[in-house]
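A.B. asks: kindly generate the corresponding structure for this input.
(2 chains)
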Amino acid sequence: MDVGLYRMVAAMRNNQQRVEIVASNIANAETIGFKRMLHVAHGQRSGAAGPGHDLVVTGSAVDLQQGIMSHTGEPFDLALDGAGFFLVDTPEGEVMTRSGMFQVTTAGVLTTDDGFPVAWEGTRGQIDPQGGDVSFAGNGQVLQNGQPIGKLKLVNVENAGQLVVDSAGRYRLGTGNQFTDSEVTVNQGFLERANVQTVDELVEMIAAQRSFDMASQTFRLISESYQRLNR
Amino acid sequence: MIRSLYTAASGMKAQQLQVDTIANNIANVNTAGFKKSQLSFRSLLYQTYREPGLPLANNQSDVSGLQIGSGTEIAGSRQLMGQGLLEGTGNALDLAIEGPGFFQVQLPSGELRFTRNGAFRQDAEGRLVTAEGYRLSDNVAIPPDSLGIAISPQGEVRSLGDDNTLASVGAIRVYTFANPSGLKAMGGNYYSPTAATGDAEARLAASQGAGEIRQHSLERSNVETVDELVALIVAQRNYEVNSRAIRVSDEMLSQVTQLVQ
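C.D. replies: A predicted model of the protein is given here:
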């Protein structure tokens, strides 16, 4: 009898989550290497025959579209061009990131800006912090004074839709996902900006607000019709 | 309460700090040896409602999962150590470093500070001092009867004496750090080393990766006004969009409260 009421509540909740995702994208419009989250909603039959989709399931997915490169000229600012990630060693294991704002510790370890070591192919390369020019080739090869000292580990994932975002905005492999080889290009002296387009986000936010409106109007309509019935 | 209110507020706070930083950069566009600073943002905790790829109740697997971020925060700031333009001044004691490195000066308290601002002058004892009167820690003393000063790119200071000969009166070293972006700005265009920078290494100028010393010039700040203005516009627009997100969230909440009659 009152299925409609609950559906409208579900629709409102759905659109609220949509606004929450958009708000997070907007807030991170200046976060280096940030990838916007997409809101996905798909209907699901709950089993018994019924009109249309019985359940709306909301979900999120990472939109891995390339962000704009901005030039900084700093030697340890690296931007990735194409599909792929840097790997970072954290206490929770290896995680992926697109943010290449790196630094070199006094011990010669290349780390992220919050201090976690960047993963290399094979043994970790040692950069002499006082030893002169360090250059990064497109394939991740690292040279100091023209001498190769190793190669950064660059990976891609089989199923980009199933990445799990961790608390620091880095990515983990989800269930059943695995690493693949990456063809990504490293650009030294650049940072990749967030791939958030505020115009798109505003449109999405307005659309969510209007859908929310409609759901709440419909909710009211149904509830008023019950009031008339009861009278 | 709807999370996007707080999410958008975090974005507004971060943009506010961004504007503060840009304003400081613009204010120092004419400060010799000033290095612009840049904020870095990072995303805040993601709340995971469902992991992607997990099976749902009705034997289907959930392809997308649901994760919602909770906004942004400032991860930190760093000084961009890019070279500023060199400007000829004609003053014999105006020095600029072309390339990496800093001058080391000593405060009256004995503490050491590092600066790229090489506008030096002489004190009563012929020592090189900054505008604030802090002494250059390298032992350079200009004799009182000096007729002129010549400073080589390697930092060798020579004085022209009465007898028309150049005599060496000391050398200016350039101090480099493993990670100069980690320097702590102390105001007055001075930096102090931190655990992140490593110890200062005294280098002969123009060797071992240290920059060359250029006499008769000053290094202008590396702030590009145009870049800063663009960044300012972007920050302002981002601030607006964030505030818009707050308004939308608020309107949605008010609709919910109106549903209850």
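A.B. asks: tell me the contacts of the residue nearest the centre of chain A?
C.D. replies: Residue closest to the average C-alpha location in chain A (Cα atoms, centre = their mean): A:K35, at 3.8 Å. Contact analysis of A:K35 by Cβ atoms under 8 Å, 6 or more residues apart in numbering or on different chains lists A:62-65, A:67, A:98, A:194-195. For every residue, glycine as well, the C-beta is placed using N, CA and C.
A.B. asks: how many neighbouring residues does the nearest residue to it once chain neighbours are set aside have?
C.D. replies: In this structure, A:K35 finds its nearest non-sequential neighbour in A:V62, 5.1 Å apart by Cβ to Cβ, 6 or more residues apart in numbering or on different chains. The number of residues packed near A:V62 is 20, by other Cβ atoms under 10 Å in any protein chain shown.
A.B. asks: distance check, B:V105 against chain A.
C.D. replies: Noted for B:V105: a distance of 21 Å to chain A, by Cβ to the nearest Cβ, to the nearest Å.
A.B. asks: please identify the buried residues of the top helix by length along chain B?
C.D. replies: Ranked by residue count and defined by DSSP state H, the top helix of chain B is helix B:225-259. Across helix B:225-259, burial judged by 16 or more other Cβ atoms under 10 Å in any protein chain shown covers B:228, B:231-232, B:234-235, B:238-239, B:241-246, B:248-249, B:252, B:255.
A.B. asks: host element of A:V57?
C.D. replies: Applying DSSP states H and E as the criterion places A:V57 in strand A:55-62.
A.B. asks: which residues touch stretch B:81-93?
C.D. replies: Stretch B:81-93 is contacted by residues A:73-74, B:33-35, B:96, B:98-100, B:116, B:119-122, B:128, B:148-149, B:151, B:180-181, B:214-222 when judged by Cβ under 8 Å, 6+ apart.
A.B. asks: swap the cut-off to 6 Å and go again
C.D. replies: A:73, B:35, B:96, B:120-121, B:149, B:180, B:214, B:216-222 (Cβ atoms under 6 Å, 6 or more residues apart in numbering or on different chains).
A.B. asks: just the buried residues of those.
C.D. replies: B:35, B:96, B:120, B:149, B:180, B:214, B:216-222.
A.B. asks: pick out the most distant pair among those residues.
C.D. replies: B:I149 and B:P180 (28.1 Å; Cβ to Cβ).
A.B. asks: hmm, B:R158 and B:V140 touching each other?
C.D. replies: No - using Cβ atoms under 6 Å, B:V140 is not in contact with B:R158; the gap is 10.5 Å.
A.B. asks: looking at the two, which one has more neighbours?
C.D. replies: Taking other Cβ under 10 Å, B:V140 and B:R158 do not tie; B:V140 has more neighbours (23 against 18).
A.B. asks: which positions in chain A make contact with chain B?
C.D. replies: Contact residues, chain A versus chain B (Cβ under 6 Å from any Cβ of the partner chain): A:16, A:19-21, A:23-24, A:26-31, A:34, A:40, A:58-61, A:73, A:101, A:103-104, A:106, A:113, A:129-130, A:132, A:162, A:164-165, A:167, A:169, A:174-176, A:198, A:205, A:209, A:212, A:216.
A.B. asks: go back to the buried residues of helix B:225-259 and keep what's next to chain A.
C.D. replies: Applying Cβ under 6 Å from any Cβ to the buried residues of helix B:225-259, those adjacent to chain A are B:238, B:241-242, B:245, B:248, B:252, B:255.
A.B. asks: tabulate these (TSV), appending pLDDT.
C.D. replies: Formatted as TSV, these follow (pLDDT from 0 to 100):
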residue	pLDDT
B:N238	93
B:V241	94
B:N242	94
B:A245	93
B:V248	93
B:M252	91
B:Q255	88
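A.B. asks: how about the residues you listed in a markdown table, adding distance to B:Q106?
C.D. replies: Formatted as a markdown table, those follow (distance: Cβ to Cβ, whole Å):
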| residue | distance to B:Q106 |
| --- | --- |
| B:N238 | 43 |
| B:V241 | 49 |
| B:N242 | 46 |
| B:A245 | 51 |
| B:V248 | 57 |
| B:M252 | 61 |
| B:Q255 | 65 |
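A.B. asks: between those residues, which is closest to B:N28?
C.D. replies: Of all those, B:N238 has the smallest distance to B:N28: 23.1 Å, by Cβ to Cβ.
A.B. asks: follow-up on the earlier one: tell me the helices and strands packed up against the longest helix of chain B.
C.D. replies: When contacts are defined as 3 or more Cβ pairs under 6 Å, 6 or more residues apart in numbering or on different chains; DSSP states H and E, helix B:225-259 packs onto helix A:3-27, helix A:198-230, helix B:3-27.
A.B. asks: angle of the second one against helix B:3-27?
C.D. replies: In this case it means helix A:198-230. 160 degrees (axes from the mean of the first three to the mean of the last three Cα atoms, to 10 degrees).
A.B. asks: angle of helix A:198-230 against helix A:3-27?
C.D. replies: Going by the same axes, to 10 degrees, helix A:198-230 makes 160 degrees with helix A:3-27.
A.B. asks: flag every buried residue along helix A:198-230.
C.D. replies: For helix A:198-230, by 16+ other Cβ under 10 Å, it's A:198, A:201-202, A:204-205, A:208-209, A:211-212, A:215-216, A:218-219, A:222-223.
A.B. asks: repeat for stretch A:165-172
C.D. replies: Buried residues in stretch A:165-172 (16+ other Cβ under 10 Å): A:165-166, A:168-172.
A.B. asks: got CSV for the residues you listed, with pLDDT and secondary structure too?
C.D. replies: Conversion of those to CSV gives the following (pLDDT from 0 to 100; DSSP: H, G, I helix; E, B strand; the rest coil):
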residue, pLDDT, secondary structure
A:V165, 88, strand
A:D166, 85, coil
A:A168, 79, coil
A:G169, 83, coil
A:R170, 90, coil
A:Y171, 91, strand
A:R172, 89, strand
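A.B. asks: with distance to A:N230 as extra columns, can I get those residues in TSV?
C.D. replies: Below are the buried residues of stretch A:165-172 laid out as TSV (distance: Cβ to Cβ, whole Å):
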residue	distance to A:N230
A:V165	47
A:D166	51
A:A168	53
A:G169	51
A:R170	55
A:Y171	53
A:R172	52
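A.B. asks: in stretch B:94-109, what's buried?
C.D. replies: B:94-98, B:100-105.
A.B. asks: just stretch B:168-184 next, same as before
C.D. replies: B:169-183.
A.B. asks: chain center to that stretch, what's the gap?
C.D. replies: 16 Å (Cα atoms, centre = their mean, to the nearest Å).
A.B. asks: quick check: end-to-end length of it?
C.D. replies: 34 Å (Cα to Cα, to the nearest Å).
A.B. asks: now do stretch B:180-193
C.D. replies: 8 Å.
A.B. asks: how far out from the middle of the chain is that stretch?
C.D. replies: 8 Å.
A.B. asks: excluding residues flanking it in the chain, which one is nearest A:N15?
C.D. replies: The shortest distance from A:N15 to any non-neighbouring residue, by Cβ to Cβ, 6+ apart, is to A:F212 (4.1 Å).
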